[in-house]
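>>> Kindly generate the corresponding structure for this input.
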Amino acid sequence: MNNLRKTIKLMAIFFLTVCMTGCWNSREIEDLRVYVGVGLDVADETKFEKKVNERGGHYPKKNVLTATVQIVPGTKEQAAQGQGGQAGESYLNERLTGDSLLQIFRQFSLRRDRPLIGHHLKVIVISSELATKYSLEQLLDFILRDNDIRPSALVLISQQKAIDVLSANQPGEVPAFNLRGLIRNRQRTNRILPAISLGKLEGLMQSRQSFVLQNVIMAENELKFVGGALFEGDTNKYIGRLNQVDVEAISWIEGNPGGVLKAYTDEGDTIVYEIASISSKITPKLEGDELSIHIDVQSKGRLIEDWSYPEESTDSAYIEEQEEKFNETVKNEIKTLLVKLQHTYRVDVVGFGKEVRIKYPRYYNKVKDRWDEVFSEIPVTYDVDLEIIDYGSTLE
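Sure, this is the predicted structure:
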């Protein structure tokens, strides 16, 4: 009996010991270089690379792209040795040039004592110049295959160099974290596009449908989301851009909540409408082989700012007059957007094709391989009804 008890105790101690050993293959964070941002630019060798090449450090490669990795945390010593950042910053930008992202990442092992780890990658910034030359499938092939990189990483485009965007120098801020956080402001403004993650982007590319990605710029060391970047479905290459007002029009069509609308009275005074609620419906109509699409946008909100004087916010006729101004402004925004999508770029990035596929699947299957072309020729009509239900507190 005593032997049995001793055996049970020994077994219990053994199992507890095994359970308390932790992860057998864990690595301390101090032994790793965690990168949270990746930037892809047209090839532009750094001074370091040119000097290395002069001294026999070149290896067989084509200069296709320059990759930037944003590493945290940065130190004064690291920043002093790197090609990006300044002493005292909380991050470090490292850059290398080549024709393979994986090989570029492995080349860092020849100059740094700790390996790069992408488990916490937050954002990927690609220059539009590079995205014009190569498809996103080519540029992101390794990243999409790598199991270490989470599919939740955000993908952005910039008309500037990606390294410039990732070098924004606001005290105490890491650009990759800042870019990731800006997406959360969609509830405050209708000029931010829905977030496109690596996982969602892969689905868009495989479907061969055209799409739009958020565009970002950097000025005076500050980051800003400005408009969108258009990608053609068949090639997955960058073909053009939309401005902030175009993105606002997309928000109206898709019924995205949040944001404001500015218009002007007949006298040129500023009036501002804040969205309280919004609904939008895209309705395809097929008669024979003739397809048309109608957009119906309805919103309720408040007259939140009025520069006219004397103000007549409580007068029903005045309110109706301002509602009409807001309605016309939205209609003009939608009209301008449709001209660009149907006639300038000839791509559907709003989701009209999805609605056609749902309502008329047989018809869509016939035209899906040339949907952008079909979309460019069909009539699109729209109605807008904005209602002012509140005008805030006034001193009347």
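
>>> From here on, just use CA atoms for contacts and neighbour counts.
Will do.

>>> which outside residues touch the one helix or strand Tyr35 maps to?
If you go by DSSP states H and E, Tyr35 is part of strand 33-42. For strand 33-42, contacts defined as C-alpha atoms under 8 Å, 6 or more residues apart in numbering pick out 64-73, 114-127, 129-130, 161-163, 166, 176-177.

>>> Let me see the backbone angles for Arg150.
phi -70, psi 140 (degrees, to the nearest 10).

>>> Check what pLDDT the closest residue to it other than its chain neighbours gets.
Counting by C-alpha to C-alpha, 6 or more residues apart in numbering, Arg150 lies nearest to His119, which is 6.4 Å off, once chain neighbours are set aside. pLDDT, the model's per-residue confidence, is 89 for His119.

>>> Cys19 now?
Taking Cys19 on its own, its pLDDT is 58.

>>> With the one 3 residues further on instead?
Confidence per residue is given as pLDDT, and for Gly22 that number is 53.

>>> likewise Gly392?
pLDDT, read off for Gly392, is 71.

>>> Quick one: residues contacting it.
So Gly392 contacts 302-304 (C-alpha under 8 Å, 6+ apart).

>>> Can you lay out the residues you listed as TSV showing pLDDT, distance to Leu337 and secondary structure?
Converted to TSV, the contacts of Gly392 look like this (pLDDT from 0 to 100; distance: C-alpha to C-alpha, whole Å; DSSP: H, G, I helix; E, B strand; the rest coil):
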residue	pLDDT	distance to Leu337	secondary structure
Arg302	94	25	strand
Leu303	94	25	strand
Ile304	93	26	strand
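
>>> Most neighbours among those, which one?
Leu303 (22 neighbours; other C-alpha atoms under 10 Å).

>>> Hmm, Ile271 and it touching each other?
Yes. Using C-alpha atoms under 8 Å, Leu303 is in contact with Ile271, at 7.4 Å.

>>> Now do Lys103: how many residues are near it, please.
Rather than Lys, residue 103 is Gln. Neighbourhood size, Gln103 [other C-alpha under 10 Å]: 13.

>>> The residue nearest to Arg150 and Phe105, how far apart?
14 Å (C-alpha to C-alpha, to the nearest Å).

>>> neighbour count winner among those two?
Neighbour tally, His119 and Phe105, criterion other C-alpha under 10 Å: the higher count belongs to Phe105, 18 against 14.

>>> And for the more buried one, nearest residue in space, chain neighbours not counted?
Per C-alpha to C-alpha, 6+ apart, closest to Phe105 is Leu116, 7.2 Å.

>>> Check Leu386 too.
Per C-alpha to C-alpha, 6+ apart, closest to Leu386 is Ser299, 4.8 Å.

>>> Quick check, the one you found in contact with Ser277.
Yes. Judged on C-alpha under 8 Å, Ser299 makes contact with Ser277 at a distance of 5.5 Å.

>>> Pick out whichever of the two has more residues nearby.
In terms of neighbours (other C-alpha under 10 Å), Ser299 is the more surrounded of Ser299 and Ser277; the figures are 21 against 15.

>>> Tell me the secondary structure of the more buried one, please.
strand (DSSP: H, G, I helix; E, B strand; the rest coil).

>>> Contacts only, for it.
275-279, 385-387 are the contacts of Ser299 under C-alpha under 8 Å, 6+ apart.

>>> Please list only the buried members of those residues.
275-276, 278, 385-387 (16 or more other C-alpha atoms under 10 Å).
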